[in-house]
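Student: quick one: sequence and predicted model below, then my questions.
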Amino acid sequence: MTAIDVRNLSIDLGYGPAKRRILGDVCFSVEAGESFGLVGESGSGKSTILRCIARLLNVWEGDIQLEGRSVNDMPFVEYCRAVQMVFQDPYGSLHPRQSIRTALQEPLRIHRMDRQVERMERALIDVGLDPAFLSRYPHELSGGQRQRVAIARALILEPRILLLDEPTSALDVSVQAEVLNLLADLRAKRNLTYLFVSHDLAVIDHMCERLAVMQHGRVVEVMSRDLLATGQAKDPYARELIQASLEYDHAV
(Lines give C-alpha, C1' and ligand atoms only; values in the text may rest on other atoms or scores of the structure.)
Protein backbone atom coordinates (compact mmCIF):
# COMPACT_ATOMS: atom_id res chain seq x y z
CA MET A 1 0.00 0.00 0.00
CA THR A 2 1.19 3.52 -0.77
CA ALA A 3 1.43 5.55 2.44
CA ILE A 4 2.28 8.95 0.92
CA ASP A 5 1.53 9.97 -2.66
CA VAL A 6 2.53 13.49 -3.72
CA ARG A 7 1.43 14.59 -7.18
CA ASN A 8 2.20 17.91 -8.90
CA LEU A 9 2.73 19.73 -5.61
CA SER A 10 3.36 23.41 -6.41
CA ILE A 11 3.57 26.67 -4.47
CA ASP A 12 3.76 30.21 -5.84
CA LEU A 13 4.43 33.11 -3.49
CA GLY A 14 4.03 36.81 -4.25
CA TYR A 15 2.12 38.67 -6.94
CA GLY A 16 2.87 40.13 -10.35
CA PRO A 17 6.56 40.60 -11.17
CA ALA A 18 7.50 39.52 -7.63
CA LYS A 19 5.74 36.17 -7.97
CA ARG A 20 8.10 33.28 -7.31
CA ARG A 21 7.63 29.53 -7.60
CA ILE A 22 9.18 27.78 -4.59
CA LEU A 23 7.82 24.29 -5.38
CA GLY A 24 7.19 23.12 -8.92
CA ASP A 25 5.23 19.98 -9.82
CA VAL A 26 6.85 17.80 -7.15
CA CYS A 27 5.97 14.10 -7.52
CA PHE A 28 7.02 11.09 -5.44
CA SER A 29 5.45 8.24 -3.48
CA VAL A 30 6.38 6.38 -0.30
CA GLU A 31 5.26 2.82 0.33
CA ALA A 32 3.91 1.74 3.72
CA GLY A 33 6.77 0.75 6.01
CA GLU A 34 9.35 2.45 3.80
CA SER A 35 11.84 5.13 4.83
CA PHE A 36 12.11 7.70 2.04
CA GLY A 37 14.57 10.60 2.01
CA LEU A 38 14.46 14.12 0.62
CA VAL A 39 17.89 15.66 0.00
CA GLY A 40 19.19 18.84 -1.59
CA GLU A 41 20.88 22.10 -0.79
CA SER A 42 19.38 24.64 1.60
CA GLY A 43 16.35 26.33 0.06
CA SER A 44 15.58 23.50 -2.34
CA GLY A 45 12.12 22.96 -0.83
CA LYS A 46 12.61 19.85 1.32
CA SER A 47 11.13 21.19 4.56
CA THR A 48 8.40 23.04 2.66
CA ILE A 49 7.14 19.69 1.34
CA LEU A 50 6.96 18.33 4.89
CA ARG A 51 5.02 21.38 6.02
CA CYS A 52 2.51 20.86 3.23
CA ILE A 53 2.00 17.23 4.19
CA ALA A 54 1.81 18.22 7.87
CA ARG A 55 -0.95 20.74 7.02
CA LEU A 56 1.17 23.61 8.33
CA LEU A 57 0.95 25.23 4.88
CA ASN A 58 -2.29 25.41 2.90
CA VAL A 59 -1.32 27.59 -0.08
CA TRP A 60 -0.22 24.71 -2.28
CA GLU A 61 -1.70 23.26 -5.44
CA GLY A 62 -1.69 19.64 -6.56
CA ASP A 63 -2.61 16.53 -4.60
CA ILE A 64 -1.29 14.88 -1.43
CA GLN A 65 -2.77 11.52 -0.53
CA LEU A 66 -2.14 9.57 2.65
CA GLU A 67 -2.98 5.87 2.46
CA GLY A 68 -5.20 6.55 -0.54
CA ARG A 69 -7.09 9.55 0.86
CA SER A 70 -6.60 13.21 0.05
CA VAL A 71 -5.03 14.96 3.02
CA ASN A 72 -7.62 17.75 2.72
CA ASP A 73 -10.48 15.26 3.03
CA MET A 74 -9.25 13.73 6.29
CA PRO A 75 -10.84 15.02 9.52
CA PHE A 76 -8.08 16.73 11.47
CA VAL A 77 -8.38 14.46 14.51
CA GLU A 78 -8.08 11.39 12.29
CA TYR A 79 -5.16 12.97 10.45
CA CYS A 80 -3.26 13.61 13.70
CA ARG A 81 -3.67 9.97 14.71
CA ALA A 82 -2.14 8.88 11.40
CA VAL A 83 0.66 11.43 10.89
CA GLN A 84 3.04 13.21 13.25
CA MET A 85 6.14 15.35 12.73
CA VAL A 86 9.50 15.62 14.51
CA PHE A 87 11.10 19.04 14.04
CA GLN A 88 14.73 19.97 13.60
CA ASP A 89 15.32 22.00 16.75
CA PRO A 90 14.85 20.12 20.04
CA TYR A 91 15.31 23.43 21.88
CA GLY A 92 12.44 25.14 20.08
CA SER A 93 9.92 22.30 19.75
CA LEU A 94 9.26 21.96 23.50
CA HIS A 95 7.63 24.72 25.55
CA PRO A 96 10.21 25.93 28.10
CA ARG A 97 7.62 26.42 30.84
CA GLN A 98 5.84 23.10 30.40
CA SER A 99 7.02 19.91 32.05
CA ILE A 100 7.61 16.78 30.03
CA ARG A 101 4.43 15.39 31.58
CA THR A 102 2.43 18.31 30.17
CA ALA A 103 4.05 17.98 26.73
CA LEU A 104 3.20 14.28 26.51
CA GLN A 105 -0.22 14.46 28.12
CA GLU A 106 -1.63 17.25 25.94
CA PRO A 107 -2.17 15.09 22.81
CA LEU A 108 -3.63 12.32 24.99
CA ARG A 109 -6.13 14.74 26.50
CA ILE A 110 -7.10 16.20 23.13
CA HIS A 111 -7.76 12.73 21.74
CA ARG A 112 -9.37 11.50 24.99
CA MET A 113 -7.17 8.44 25.22
CA ASP A 114 -7.29 6.21 28.27
CA ARG A 115 -4.44 5.00 30.53
CA GLN A 116 -2.62 8.30 30.10
CA VAL A 117 0.04 7.82 32.78
CA GLU A 118 0.82 4.35 31.48
CA ARG A 119 1.06 5.65 27.91
CA MET A 120 3.39 8.50 28.92
CA GLU A 121 5.69 6.23 30.88
CA ARG A 122 5.79 3.69 28.06
CA ALA A 123 6.54 6.44 25.52
CA LEU A 124 9.58 7.56 27.52
CA ILE A 125 10.82 4.00 27.98
CA ASP A 126 10.47 3.37 24.25
CA VAL A 127 12.83 6.28 23.48
CA GLY A 128 15.36 5.28 26.13
CA LEU A 129 14.36 7.65 28.95
CA ASP A 130 13.31 6.91 32.52
CA PRO A 131 9.66 7.67 33.43
CA ALA A 132 11.06 9.99 36.13
CA PHE A 133 11.69 12.48 33.29
CA LEU A 134 7.96 13.29 33.37
CA SER A 135 8.57 15.73 36.21
CA ARG A 136 11.45 17.53 34.48
CA TYR A 137 11.46 20.64 32.29
CA PRO A 138 13.20 21.10 28.93
CA HIS A 139 16.04 23.23 30.38
CA GLU A 140 16.97 20.28 32.61
CA LEU A 141 17.56 18.01 29.59
CA SER A 142 20.40 17.71 27.10
CA GLY A 143 19.77 18.25 23.39
CA GLY A 144 19.63 14.52 22.75
CA GLN A 145 17.20 13.98 25.61
CA ARG A 146 14.96 16.77 24.34
CA GLN A 147 14.84 15.22 20.89
CA ARG A 148 13.97 11.86 22.44
CA VAL A 149 11.08 13.55 24.24
CA ALA A 150 9.99 15.13 20.94
CA ILE A 151 10.03 11.68 19.33
CA ALA A 152 8.05 10.25 22.25
CA ARG A 153 5.47 13.02 21.87
CA ALA A 154 5.16 12.28 18.15
CA LEU A 155 4.69 8.56 18.78
CA ILE A 156 2.34 8.75 21.76
CA LEU A 157 -0.75 8.84 19.51
CA GLU A 158 0.56 5.71 17.71
CA PRO A 159 0.74 7.24 14.22
CA ARG A 160 1.63 5.20 11.16
CA ILE A 161 3.62 7.94 9.39
CA LEU A 162 6.41 10.12 10.78
CA LEU A 163 7.65 13.27 9.06
CA LEU A 164 11.24 13.92 10.15
CA ASP A 165 12.72 17.35 9.43
CA GLU A 166 16.49 17.08 9.96
CA PRO A 167 15.89 15.52 13.40
CA THR A 168 19.59 15.16 14.27
CA SER A 169 21.27 18.18 12.62
CA ALA A 170 21.22 20.26 15.84
CA LEU A 171 22.85 17.47 17.89
CA ASP A 172 26.45 16.47 18.56
CA VAL A 173 27.81 13.78 16.25
CA SER A 174 27.85 11.05 18.92
CA VAL A 175 24.29 11.88 19.95
CA GLN A 176 23.20 11.96 16.29
CA ALA A 177 24.15 8.31 15.92
CA GLU A 178 22.18 7.34 19.03
CA VAL A 179 19.03 9.13 17.85
CA LEU A 180 19.30 7.69 14.32
CA ASN A 181 19.66 4.16 15.71
CA LEU A 182 16.66 4.82 17.97
CA LEU A 183 14.58 5.92 14.98
CA ALA A 184 15.63 2.84 13.01
CA ASP A 185 14.67 0.55 15.91
CA LEU A 186 11.30 2.26 16.40
CA ARG A 187 10.50 1.96 12.72
CA ALA A 188 11.27 -1.76 12.73
CA LYS A 189 9.26 -2.43 15.90
CA ARG A 190 6.20 -0.39 14.88
CA ASN A 191 6.32 -0.79 11.09
CA LEU A 192 6.37 2.99 10.69
CA THR A 193 6.64 4.91 7.43
CA TYR A 194 9.28 7.67 7.44
CA LEU A 195 9.62 10.71 5.22
CA PHE A 196 13.08 11.90 6.20
CA VAL A 197 14.53 15.30 5.26
CA SER A 198 18.28 15.79 5.56
CA HIS A 199 21.12 17.65 3.90
CA ASP A 200 23.47 14.85 5.01
CA LEU A 201 23.65 12.04 2.43
CA ALA A 202 25.36 9.75 4.95
CA VAL A 203 22.28 10.00 7.18
CA ILE A 204 19.98 9.30 4.25
CA ASP A 205 22.11 6.32 3.21
CA HIS A 206 21.86 4.94 6.76
CA MET A 207 18.12 5.53 7.19
CA CYS A 208 16.40 5.30 3.80
CA GLU A 209 15.78 2.73 1.07
CA ARG A 210 15.03 5.40 -1.54
CA LEU A 211 15.47 9.13 -1.88
CA ALA A 212 14.50 12.10 -4.02
CA VAL A 213 17.10 14.73 -4.92
CA MET A 214 15.72 18.28 -5.00
CA GLN A 215 16.99 21.43 -6.68
CA HIS A 216 15.25 24.82 -6.85
CA GLY A 217 11.92 23.40 -5.66
CA ARG A 218 11.84 20.45 -8.04
CA VAL A 219 12.60 16.75 -7.78
CA VAL A 220 15.38 16.12 -10.28
CA GLU A 221 15.77 12.39 -9.59
CA VAL A 222 14.40 9.58 -7.45
CA MET A 223 16.93 6.84 -6.76
CA SER A 224 17.56 3.79 -4.59
CA ARG A 225 20.13 3.52 -1.82
CA ASP A 226 22.23 1.28 -4.09
CA LEU A 227 22.48 4.01 -6.71
CA LEU A 228 23.40 6.50 -4.00
CA ALA A 229 26.19 4.23 -2.79
CA THR A 230 27.65 3.82 -6.28
CA GLY A 231 27.09 7.43 -7.34
CA GLN A 232 25.29 6.31 -10.52
CA ALA A 233 22.76 9.13 -10.67
CA LYS A 234 21.36 10.18 -14.03
CA ASP A 235 20.83 13.86 -13.29
CA PRO A 236 23.98 16.05 -13.39
CA TYR A 237 23.05 17.93 -10.20
CA ALA A 238 22.38 14.67 -8.34
CA ARG A 239 25.79 13.32 -9.43
CA GLU A 240 27.45 16.55 -8.35
CA LEU A 241 25.72 16.45 -4.95
CA ILE A 242 26.77 12.85 -4.32
CA GLN A 243 30.35 13.52 -5.40
CA ALA A 244 30.61 16.57 -3.15
CA SER A 245 29.31 14.50 -0.22
CA LEU A 246 31.84 11.72 -0.89
CA GLU A 247 34.72 14.19 -1.14
CA TYR A 248 33.65 15.83 2.13
CA ASP A 249 33.44 12.47 3.92
CA HIS A 250 36.92 11.50 2.68
CA ALA A 251 38.34 14.86 3.77
CA VAL A 252 36.88 14.45 7.25
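Tutor: Perfect, I can see it now.
Student: how many residues are close by residue 19?
Tutor: For residue 19, the count of nearby residues is 9 (other C-beta atoms under 10 Å). Backbone N, C-alpha and C define where each C-beta goes, glycine included.
Student: the residue nearest to it when sequence neighbours are not counted: how many residues sit nearby?
Tutor: Once flanking residues are discounted, residue 19 sits nearest to residue 12: 5.7 Å by C-beta to C-beta, 6 or more residues apart in numbering. For residue 12, the tally of surrounding residues (other C-beta under 10 Å) stands at 14.
Student: the one 3 residues further on now?
Tutor: When counting by other C-beta under 10 Å, one arrives at 7 neighbours for residue 15.
Student: how close does it get to residue 42?
Tutor: 25 Å (C-beta to C-beta, to the nearest Å).
Student: list the contacts of the residue nearest the centre of the chain.
Tutor: Nearest residue to the geometric centre of the chain (C-alpha atoms, centre = their mean): residue 164, 1.3 Å. Residues counted as contacts of residue 164 (C-beta atoms under 8 Å, 6 or more residues apart in numbering) are 85-86, 183, 194-197.
Student: and for residue 173?
Tutor: Contacts of residue 173 (C-beta under 8 Å, 6+ apart): none.
Student: correct me, but residue 196 touches residue 37?
Tutor: Yes - at 4.9 Å, residue 196 counts as touching residue 37 under the criterion of C-beta atoms under 8 Å.
Student: quick check on residue 101: phi, psi?
Tutor: phi -60, psi -50 (degrees, to the nearest 10).
Student: from residue 126, how far out is the residue lying closest to it once chain neighbours are set aside?
Tutor: Spatial nearest neighbour of residue 101, chain neighbours left out: residue 134 (4.2 Å); criterion: C-beta to C-beta, 6+ apart. Distance from residue 134 to residue 126, counting by C-beta to C-beta: 14 Å.
Student: can you check residue 49 too?
Tutor: 27 Å.
Student: for those two, indicate the residue with more neighbours.
Tutor: Between residue 49 and residue 126, counted using other C-beta under 10 Å, the more crowded position is residue 49 (28 against 18).
Student: residues contacting the more buried one?
Tutor: So residue 49 contacts 6, 9, 23, 26, 38, 197 (C-beta under 8 Å, 6+ apart).
Student: how far does the helix or strand hosting the first one sit from the chain's center?
Tutor: Take DSSP states H and E as the rule and residue 6 turns out to sit in strand 2-13. On the basis of C-alpha atoms, centre = their mean, to the nearest Å, strand 2-13 is displaced by 16 Å from the centre of the chain it belongs to.
Student: same question, stretch 13-30
Tutor: With C-alpha atoms, centre = their mean, you get 21 Å for stretch 13-30.
Student: contacts for that stretch, please.
Tutor: The contact list for stretch 13-30 (C-beta under 8 Å, 6+ apart) reads 2-12, 36, 45, 48-49, 52, 59-60, 62, 193, 195, 212, 214, 216-219, 222.
Student: what's the answer for stretch 219-231, then?
Tutor: 26-28, 201, 204-205, 208-214, 233-235, 237-239, 242-243, 246.
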